[in-house]
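[1] coordinates only, sequence not included:
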């Protein structure tokens with residue numbers, strides 16, 4: 001297991017994601033609201049069973065069943081958030097590992113509704129993780 005910084009939460013007992021109430025669920029996934037939302041309606045799609053990573057070299061990653069259900073679950077979660085919050089677009093993101101920005105040791109996918117007037121940067125999307133590399137002309 002990698003060494004983590006002081007802000008990384010890696011506990012199964014008392015996991016802040018495992019303990020959150022959900023607004024939608026499937027056989028393998030739950031949709032919960034982010035408690036520190038970036039945008040109105042920011043939610044997290046999490047495996048129902050505690051998994052440390054989305055993918056891993058050992059058994060701490062997703063199961064075959066969870067992976068098989070991921071596409072349908074993500075589609076349903078996006079429709080749920082869009083129906084509840086009315087949006088112009090969505091950002092969907094996964095941080096796998098602390099270096100990539102994962103700060104809680106429970107696999108999760110961010111679903112962030114976007115609106116034209118939300119003050120965020122649209123062009124470049126997730127490419128803007130590195131702002132100097134985000135601008136491009138297709």
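    Good, I have the coordinates. Given the structure is predicted, the values throughout are model-derived calculations rather than measurements. Numbers count the residues shown, from 1 in each chain.
[2] Help me confirm that residue 82 is found in a helix?
    Yes: according to DSSP: H, G, I helix; E, B strand; the rest coil, residue 82 belongs to a helix.
[3] okay, now it: neighbour count?
    By the other CB atoms under 10 Å criterion, the neighbourhood of residue 82 contains 16 residues. No exception for glycine: its C-beta is placed from N, CA and C like everyone else's.
[4] and residue 34, how many neighbours?
    By other CB under 10 Å, the residues close to residue 34 number 17.
[5] List the contacts of it.
    For residue 34, the contact set (CB atoms under 8 Å, 6 or more residues apart in numbering) comprises 42, 43, 44, 110.
[6] Can you report phi and psi for residue 66?
    Here the main-chain torsion angles of residue 66 (degrees, to the nearest 10) amount to phi -60, psi -40.
[7] Leaving out sequence neighbours, find the closest residue to the spatially most central residue of the chain.
    If you average the C-alpha coordinates of the chain and look for the closest C-alpha using CA atoms, centre = their mean, you land on residue 109, 1.9 Å from that point. Using CB to CB, 6 or more residues apart in numbering and skipping the chain neighbours, the partner closest in space to residue 109 is residue 45 (4.3 Å).
[8] If anything else comes up later, I'll come back, but that's it for now.
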